[in-house]
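Participant: Just a sequence and a predicted model for now, questions to come.
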Amino acid sequence: MGVQAHLPGFIVQHFDFNHQISTRQRAGRFFWPLHQFQSRAGEDIAKAGIRGLARILKTVKVKVPDVEAGQFIRFHDGVGRALDATFHTQGTQQMAHQSGLAGAEITAQFDECMTQQRLCREAGGKSLGRVFIAPVQAFYNRRVSQFVHHFKAKPSVSMIRDWARELGFSQIGVTGVDLSSSEAGLSAWLAAGFHGGMGYMAQHGLMRARPVELLPGTVSVITLRMDYLSAAAPGDWQEIELQRLGRREEGAVSIYARGRDYHKVLRRRLQMLAERMTAEWGPFGYRVFTDSAPVLEAELAARSGQGWRGKHTLLLNREAGSLFFLGEIYLDFPLSPTEPVAEHCGRCQACIDVCPTRAIVAPYRLDARRCISYLTIEHAGSIPLELRPLLGNHIYGCDDCQLVCPWNKFAQRSALPDFDERAGLTGGQLVTLFGWTEDEFLRHTEGSPIRRIGHERWLRNVAVALGNALRAGPSEQLRDALLARAQHQSALVREHVLWALAA
Ligand code: SF4
Ligand code: SF4
């Protein structure tokens, strides 16, 4: 006896077999190419050239005689002549990968009653929940899995756009999950060690470029842009920020970090958007992200038309420059993708030329180990001696490559007050910032992304900036501030203070 499953009905829309496939076709099985899918995927599927194979017409009940949880689902009968195949999902995906494909197309959502072995075999009339095999549009070279939803209304990108705007997002895009063409670049970047001490990046490996591995069942990704330049920023804000870099006794904090922690702001609003979609259409699977998981954010955003990757590797938008955060919602139902845009860097390379540490080692290639943003935020240990003088007065992050980018004259002001600059950070004197006790640091940075680095790293960064200020000219005030921390309990702080005093 088999368990009951609901399987979507299909209608054949278009077949485009090549000769190799068609000669193996068996009469009466129009889904024949799925037959022997497991064993032939590596050889044939890449050559099949099948497009637009089928679309869901209606849901029908079928019997599924043999289920192995977590490993594969077999369909042998109960679908008439439509499906006569054994699908080993994992095996198929593996073989597809070995053949350079992004992954196989078949996934299943298991019923809760399915555990290690064939626990559902005797389940009789009890529901298997929703099981799906759904080639929708592009097929074999893309991992497509889709669960059956019964929405109250047809999901609409323009409605999502309207709701997103109400929540403070400036633009949305939609893309699929096939990032396979980005995998080689990501692998090379990791192999070169450019991720530095961000071990989690290497640890996650190619999951970053494989949304389905992060959230099984994902078929579409909504990308969202939220501008962060403060509403109060004057028209010549780029010039003002560049001048700040020349005032050596003042600390320079990256613009994005001067207001509330964007992780919190974006995450809450992404969640609200997903909940609005659920309320309007009905339940579906999703997960929201913002710089919080192995997600290839800029690449997804570029593919969905939010902009292009600048030579500094950040995303650039013709109407918004690069001063914005990105968020994503992974979805388990398909949405029509939005079109990517052309790149507009041309022959400009201002960002490469201005980078103080030469972290942009080539156009579109960033060595994070040299980037001041990485060194002052992500990097936990001692800042390399040869790079310290190049940090100037940067104490948290760096915007230099964005300040000189011509497209940032189009940077948009934030629609939210959350990113307004806090008093005490912008224009703060190094001596004052270095004098903060841990309690004062926590108080001044409450709700700010700066808090994440902790007091010790904060003092390390400010000590380097003080040392650079002393190199620019003697100052008793700066020297006294450093001496006051020369016996600090942290060896990391002491070492940077000694370096600064040696100037
Ligand atoms: S953030 Fe600063 S250090 Fe990093 S690439 Fe841009 S200019 Fe260079
Ligand atoms: S500074 Fe020039 S090269 Fe760099 S991202 Fe902007 S437009 Fe592109």
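Facilitator: Great, that's in hand. Numbers count the residues shown, from 1 in each chain. Ligands and ions are numbered 1, 2, ... in the order given.
Participant: Flag every residue of this structure that's near ligand 2.
Facilitator: Where the chain comes near ligand 2, counting by CB under 6 Å from any ligand atom, the residues are 310-312, 316, 345, 348-351, 404-407. Every C-beta, even on glycine, is put in place using the N, C-alpha and C of the backbone.
Participant: Mind giving me the PyMOL command for buried ones among those residues?
Facilitator: A single PyMOL command selects the buried members of the residues of the chain next to ligand 2 (16 or more other CB atoms under 10 Å):
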select buried, resi 310+311+312+316+345+350+351+404+405+407
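Participant: Of all the residues in the stretch 151-300 of the chain, which one is nearest ligand 1?
Facilitator: As assessed by CB to the nearest ligand atom, ligand 1 sits closest to residue 254 within the stretch 151-300 of the chain, at 8.1 Å.
Participant: I'd like to know how many residues surround that residue.
Facilitator: Residues lying near residue 254 (other CB atoms under 10 Å) number 21.
Participant: shouldn't it be in contact with residue 372?
Facilitator: No - Residue 254 lies out of contact with residue 372 (CB atoms under 8 Å); the separation is 9.0 Å.
Participant: which residues are common contacts for these two?
Facilitator: 394, 397, 398 (CB atoms under 8 Å, 6 or more residues apart in numbering).
Participant: Check those residues against residue 363 and report the nearest one.
Facilitator: Nearest to residue 363 among the shared contacts of residue 254 and residue 372, counting by CB to CB, is residue 398 at 18.5 Å.
Participant: so what's the nearest residue to the closest one once chain neighbours are set aside up against?
Facilitator: In space, and not counting its chain neighbours, residue 398 is closest to residue 372: 3.7 Å by CB to CB, 6 or more residues apart in numbering. In this structure, residue 372 makes contact with 356, 357, 359, 390, 391, 394, 397, 398, 400, judged by CB under 8 Å, 6+ apart.
Participant: burial count for residue 181?
Facilitator: 11.
Participant: and it, helix, strand or coil?
Facilitator: Of the three states, residue 181 takes helix under DSSP: H, G, I helix; E, B strand; the rest coil.
Participant: tell me the contacts of it?
Facilitator: Contacts of residue 181 (CB under 8 Å, 6+ apart): none.
Participant: How much space separates it from ligand 2?
Facilitator: Going from residue 181 to ligand 2 by CB to the nearest ligand atom, to the nearest Å gives 21 Å.
Participant: Give me every residue in this protein lying close to ligand 1.
Facilitator: So the chain meets ligand 1 at 312, 355-357, 359-360, 366, 371-373, 398, 400-401 (CB under 6 Å from any ligand atom).
Participant: Would you list the buried entries among those residues?
Facilitator: Buried, going by 16+ other CB under 10 Å: 312, 355-357, 359-360, 366, 371-373, 398, 400-401, out of those.
Participant: okay if I get those as TSV plus distance to residue 475?
Facilitator: Listed next are these as TSV, based on distance: CB to CB, whole Å:
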residue	distance to residue 475
312	33
355	28
356	22
357	25
359	29
360	32
366	34
371	28
372	23
373	27
398	23
400	24
401	29
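Participant: Turn those residues into TSV, columns for pLDDT, secondary structure and distance to residue 152.
Facilitator: What follows is these, written out as TSV (pLDDT from 0 to 100; DSSP: H, G, I helix; E, B strand; the rest coil; distance: CB to CB, whole Å):
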residue	pLDDT	secondary structure	distance to residue 152
312	98	coil	44
355	98	coil	51
356	98	coil	54
357	98	coil	54
359	98	coil	50
360	98	strand	49
366	96	strand	45
371	98	coil	47
372	98	helix	50
373	97	helix	44
398	98	coil	48
400	98	helix	50
401	98	helix	46
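Participant: Could you single out the nearest of those residues to residue 327?
Facilitator: Nearest to residue 327 among these: residue 373, at 19.1 Å, using CB to CB.
Participant: And what about residue 196, helix, strand or coil?
Facilitator: Classification of residue 196 using three-state DSSP returns coil.
Participant: If you could redo that for residue 441, that was the one I meant.
Facilitator: Using three-state DSSP, the structure places residue 441 in helix.
Participant: For the residue of the chain found nearest ligand 2, which non-adjacent residue is spatially closest?
Facilitator: Taking CB to the nearest ligand atom, ligand 2 has its nearest neighbour within the chain at residue 310, 2.7 Å off. Distances taken as CB to CB, 6+ apart place residue 316 nearest to residue 310, at 4.3 Å, with adjacent residues excluded.
Participant: quick one: the one you found and residue 322 touch, right?
Facilitator: Yes - counting by CB under 8 Å, residue 316 does reach residue 322; the two are 5.1 Å apart.
Participant: how about the contacts of residue 372 in a markdown table, adding distance to residue 230?
Facilitator: Listed next are the contacts of residue 372 as a markdown table, based on distance: CB to CB, whole Å:
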| residue | distance to residue 230 |
| --- | --- |
| 356 | 24 |
| 357 | 27 |
| 359 | 26 |
| 390 | 27 |
| 391 | 24 |
| 394 | 19 |
| 397 | 15 |
| 398 | 18 |
| 400 | 19 |
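Participant: Mind picking the two most distant members of these?
Facilitator: Checked with CB to CB, the contacts of residue 372 reach their widest spread between 390 and 397, with 14.6 Å between them.
Participant: Are there residues contacting both of residue 316 and residue 322? Which ones?
Facilitator: Taking CB under 8 Å, 6+ apart as the contact rule, residue 316 and residue 322 both touch 307, 310, 405, 407.
Participant: Give me the below-cutoff pLDDT ranges for the stretch 301-450 of the chain.
Facilitator: Along the stretch 301-450 of the chain, no part satisfies pLDDT under 70.
Participant: all strands for it, in order.
Facilitator: For the stretch 301-450 of the chain, strands defined by DSSP state E, counting those that start in this stretch occupy the ranges 308-309, 315-316, 324-331, 360-362, 365-366, 394-396.
Participant: For those, give me CSV that also has distance to residue 153.
Facilitator: CSV is the format used below for these (distance: least, CB to CB, whole Å):
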stretch, distance to residue 153
strand 308-309, 34
strand 315-316, 32
strand 324-331, 16
strand 360-362, 46
strand 365-366, 43
strand 394-396, 45
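Participant: So which bits of stretch 465-474 are buried?
Facilitator: 465, 466, 467, 468, 469, 470.
Participant: for stretch 447-457, that is, sorry about that
Facilitator: 448, 449, 450, 451, 453, 455, 456, 457.
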